[in-house]
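Enquirer: Any chance you could fold what I've pasted below:
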Amino acid sequence: MKKWASIVAAGSLVALVSGCGITVPSDPDGTLDSVRGGELRVGVSPNDDYTVVNGDDVSGIEPEAVRAFAATLDADVDWTIGSEQALVKKLENDEIDLLIAGITDDTPWVDKAGVSRAYAEHPGVDGRMEKHVMLVQLGENAFLSELERFLGDYTRTEG
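Expert: Numbers count the residues shown, from 1 in each chain. Presented below is the predicted three-dimensional model:
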C-alpha cells in the first residue's frame, strides 16, 4: 500500500509541474525567449583569427558561427566590443547574452559565466591543442543548450 501511495504522489507531482509550464533546462532571465525573433547581444574581444575587430566591423571564425546561430533564432546580432574582463561584467549584469573572444576551456571565468562545451580544437602558441568555448550568463541553461546544439551541428557541417 505504501508503494502505491508513493507512485500516486510522484504522478501527481509530475502532473502538477507539467501543468505549470516549467521546462528543463530553463532560463531564469528568459534569454532564449528574448533572443528568439529579437536581438542577440554579443560581446566580442579581439583574438587572432577567432575574433577580428576592425573599427565597428567584426569578423573571424567565431563571429561567422554567431551570425549563423542568430539566423537559426531569427535574431539580429548587436555587437559590443571590449576586453574580456569588461565583457564578463556585462554578462553578469545582463547587458550581453553571449561572449566570444577565442576563449579556451581553461578559462578563468568559470565562476562568472556559463561555459559552453568545447566546439573546436586548434593548436595554441605552444603547439598544444586548445579547446574553444563561448560564454553565456550563469544559469541561462536553455540558451546554453540551444547554443551547444547549434555548435555541435555547425562544427560537423561547416568543419
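Enquirer: ok, H132 touching A120?
Expert: Yes: using CB atoms under 8 Å, H132 makes contact with A120 at a distance of 4.6 Å. Heads up, the C-betas are built off the backbone N, CA and C, glycines and all.
Enquirer: Mind checking which of those two has more residues around it?
Expert: Each of H132 and A120 has its neighbours counted (other CB atoms under 10 Å); H132 has more, 22 against 16.
Enquirer: residues contacting that one?
Expert: 50, 62, 102-105, 118-122 (CB atoms under 8 Å, 6 or more residues apart in numbering).
Enquirer: Make a PyMOL selection of the buried ones in these.
Expert: Under the burial definition 16 or more other CB atoms under 10 Å, those of the contacts of H132 that qualify are selected in PyMOL by:
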select buried, resi 50+62+102+103+104+118+119+120
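Enquirer: Can you give me the buried ones in stretch 56-69?
Expert: In stretch 56-69, counting by 16+ other CB under 10 Å, buried: 58, 60-63, 65-67, 69.
Enquirer: whoops, I mixed them up, stretch 94-109
Expert: 96-104, 107, 109.
Enquirer: ok now that stretch, how far from the chain's centre?
Expert: 9 Å (CA atoms, centre = their mean, to the nearest Å).
Enquirer: what's next to it, contact-wise?
Expert: Contacts for stretch 94-109 (CB under 8 Å, 6+ apart): 29, 31, 35, 40-48, 50-51, 62-63, 66, 80, 84, 87-88, 90-91, 113, 115, 118, 124, 130-137, 140, 143, 147.
Enquirer: contacting residues for G43?
Expert: 79-82, 87, 90-91, 96, 98-101.
Enquirer: secondary structure element for it?
Expert: Using DSSP states H and E, G43 falls within strand 39-44.
Enquirer: quick check: mean pLDDT across that strand?
Expert: Strand 39-44 shows a mean pLDDT of 98.
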